[in-house]
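> What would the 3D arrangement of this be:
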Amino acid sequence: MMNTTKELQEKREKYIPKGVSNGNLNIASTASGATIIDLEQREWIDFAGAIGTLNVGHSHPKVTAAVKKQVDKFLHPGFNVMMYEGYINLAEKLCEITPGDFEKQALLLNSGAEAVENAIKVSRKYTGRQAVVSFVRGFHGRTNLTMGMTSKVKPYKFGFGPFAPEIYQAPYPYLYQKPTQLTDEEYTDLVIEKFKEFFVATVAPETVACVVMEPVQGEGGFVIPPKKFVSFVRDFCTEHGIVFVADEIQTGFGRTGKMFAMEHFDVAPDLTTVSKSLAAGLPLSGVVGKKEILNAANPGELGGTYAGSPVACAAALAVIDVVNEENLLKRSEAIGQKIENRLLDLQEKHDFIGEIRRLGSMVAMEIVDNPLNKAPNKQKTSEITKYANENGLLLLSAGLNSNVVRFLTPLVITDEELDKGLAILEDALQQQQQSYTKIGQ
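Numbering: from 1, shown residues only. Alright, predicted model coming up:
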């Protein structure tokens, strides 16, 4: 006999640590496209996509068919023990589609954090250097090394140290929060100067193995850097023999309207880390980039028991086909434009909506006390996402101050699903406006 929602919630409480957070306390039963049906047969529109993992949606028929076909052949001979076709074909495909007109190789792993760790590992081996530079507001994972690189102290780092040494966080531009007296260009130039100063005051460039940058900061609040800044960092790394790593774990596979976000900046990183939407929900990640860097490690120095699971590789090859066949890059831009237009309308009604920003369908709505002081309003953001998650919409927040509502809809979302989700969001904002008005009276 199947457990009820209440019974499963009680079991979750008893057997699973509270440190594993749940934005929504209902239980998924089936899911397709951008809609999940729970055990009570209620419908949930998915604007979270398993934290940006489902660009091709839930249970895409092409992906599930590829997975079923692979499952009937074998589950896991272990690539380090005996090779299989899926790993090799996916490595070839990733080398073809990632930015950079140079000879590439690809290493497959399990999770995004593991990809970042391995990008650092090969960068250190290749350069003979130890230091690692990430950026303020960056997020790279929950392992010890990637926690050290991650900016947000609570909940990601507090009480979990000590962290790995030789990790430094450089400044990263945030145009919305710039000093009002500066133009965008003046502010960008100021951050570039601070970046240069960082390599004088904090860490010497000749000791740095790699700089790891999210082309759009994910957990940091979907912060989009100016093109000039990204180009400067790329050139700085080249000048100083530093490996430039693009963390495309959340931005990859069409999320920003390009296959990879770095394409917006006309920059080719030395290494690119991929995961999340790569395999439509199955655990898989990779490090792709310059052959001479990835080939610096000797046999046995890279790998892992489950690295490059054949079932996940089958899913990933299908995902890449789906993105191309269904024109999801173009669809991503259309979804983003539609969400942005609706948010701009809502911004006129609600003073607490600060900036709306996006690249493709990677859309953010910043929630503030008022548009003049731009002070982050974490409480209101939490109430908006709570209302959504109680009323049929899976919705996530982000940002160093947890005051950004982020949109990660599957790129296969229908216009009907999108409209349903946006209507629930509108209700959530209206609820806040009413309480906002009462407080102000």
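> Show me how the protein divides into domains.
Domain ranges of the chain: 5-56+327-440, 63-325, per automatic domain parsing.
> Mind putting those into JSON lines with mean pLDDT and mean neighbour count?
Bear in mind the C-beta positions are built from the backbone N, C-alpha and C, glycine included. Shown next, in JSON lines, are those (pLDDT from 0 to 100; neighbours: other C-beta atoms under 10 Å):
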{"stretch": "domain 5-56+327-440", "mean pLDDT": "95", "mean neighbour count": "18"}
{"stretch": "domain 63-325", "mean pLDDT": "97", "mean neighbour count": "20"}
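> Nearest spatial neighbour of Gln169, chain-adjacent residues omitted?
Val136 (5.1 Å; C-beta to C-beta, 6 or more residues apart in numbering).
> just checking, the one you found touches Ser151?
Yes: under the contact definition of C-beta atoms under 8 Å, Val136 touches Ser151, with a separation of 5.4 Å.
> Quick check: the residue nearest to Val132 when sequence neighbours are not counted vs Ile293, distance?
Closest residue in space to Val132, ignoring its immediate chain neighbours: Ile167 at 5.0 Å, by C-beta to C-beta, 6+ apart. Here Ile167 is placed at a distance of 20 Å from Ile293 (C-beta to C-beta, to the nearest Å).
> okay, and the common contacts of Val136 and Ser151?
By the contact definition C-beta atoms under 8 Å, 6 or more residues apart in numbering, Val136 and Ser151 are jointly contacted by Gln169.
> give the contact list for the most centrally placed residue in the chain.
Nearest to the geometric centre of the chain sits Gln250, at 2.2 Å (C-alpha atoms, centre = their mean). By C-beta under 8 Å, 6+ apart, Gln250 lies in contact with 51-52, 214, 216, 218, 276, 362.
> Filter those down to the ones in helices?
With helices taken from DSSP state H, the overlap with the contacts of Gln250 comprises 51-52.
> coming back round to it: now do the contacts for the residue nearest to Val132.
131-134, 145, 148-149.
> measure it to Val288 for me?
23 Å.
> now what about stretch 344-353, what contacts it?
Against stretch 344-353 from outside (C-beta under 8 Å, 6+ apart): 343, 356, 365-371, 377, 380, 425-426, 429, 432-433, 436.
> and it, how far out from the chain's middle?
Centroid displacement of stretch 344-353 relative to its chain, using C-alpha atoms, centre = their mean, to the nearest Å, is 26 Å.
> Can you measure across that stretch, start residue to end residue?
End-to-end distance of stretch 344-353 (C-alpha to C-alpha, to the nearest Å): 9 Å.
> Can you tell me the SS state at the nearest residue to Leu343 once chain neighbours are set aside?
Residue nearest to Leu343 in three dimensions, not counting chain neighbours: Ile356, with 4.6 Å by C-beta to C-beta, 6+ apart. Secondary structure, DSSP: H, G, I helix; E, B strand; the rest coil: Ile356 is strand.
> Now do the helices in the chain.
Counting by DSSP H, the helices of the chain are 5-15, 49-52, 61-73, 85-97, 112-127, 144-149, 184-201, 227-240, 291-294, 310-325, 328-349, 378-390, 415-440.
> Dump those helices to a markdown table, plus distance to Leu175.
Output for those, formatted as a markdown table (distance: least, C-beta to C-beta, whole Å):
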| stretch | distance to Leu175 |
| --- | --- |
| helix 5-15 | 41 |
| helix 49-52 | 22 |
| helix 61-73 | 37 |
| helix 85-97 | 30 |
| helix 112-127 | 26 |
| helix 144-149 | 23 |
| helix 184-201 | 6 |
| helix 227-240 | 10 |
| helix 291-294 | 32 |
| helix 310-325 | 29 |
| helix 328-349 | 16 |
| helix 378-390 | 20 |
| helix 415-440 | 24 |
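> right, so of these, which gets closest to Phe158?
helix 144-149 (10.1 Å; C-beta to C-beta).
> Only the C-alpha atoms, please, for that closest one, written as CSV.
Extracted in CSV, the C-alpha atoms of helix 144-149 (Å, rounded to 0.1, in the frame of the first residue of the first chain):
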residue,chain,number,x,y,z
ASN,A,144,35.3,21.3,1.2
LEU,A,145,37.2,22.9,-1.6
THR,A,146,34.2,24.3,-3.4
MET,A,147,32.7,25.6,-0.1
GLY,A,148,35.9,27.6,0.4
MET,A,149,35.4,29.1,-3.1
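> contact partners of that helix?
Contacts of helix 144-149 (C-beta under 8 Å, 6+ apart): 113, 116-117, 120, 132, 134, 138, 140-141, 156-157, 160, 163-164, 167, 169, 212.
> of the contacts of Ile167, closest to Val67?
Leu145 (30.9 Å).
> how close does the closest one get to Ala164?
5 Å.
> Next: Arg331.
40 Å.
> same check, this time on Leu190
For Leu190 relative to Ala164 (C-beta to C-beta), the value is 30 Å.
> got it, and Val243?
17 Å.
> Gly86 too?
Taking C-beta to C-beta as the measure, Gly86 falls 33 Å from Ala164.
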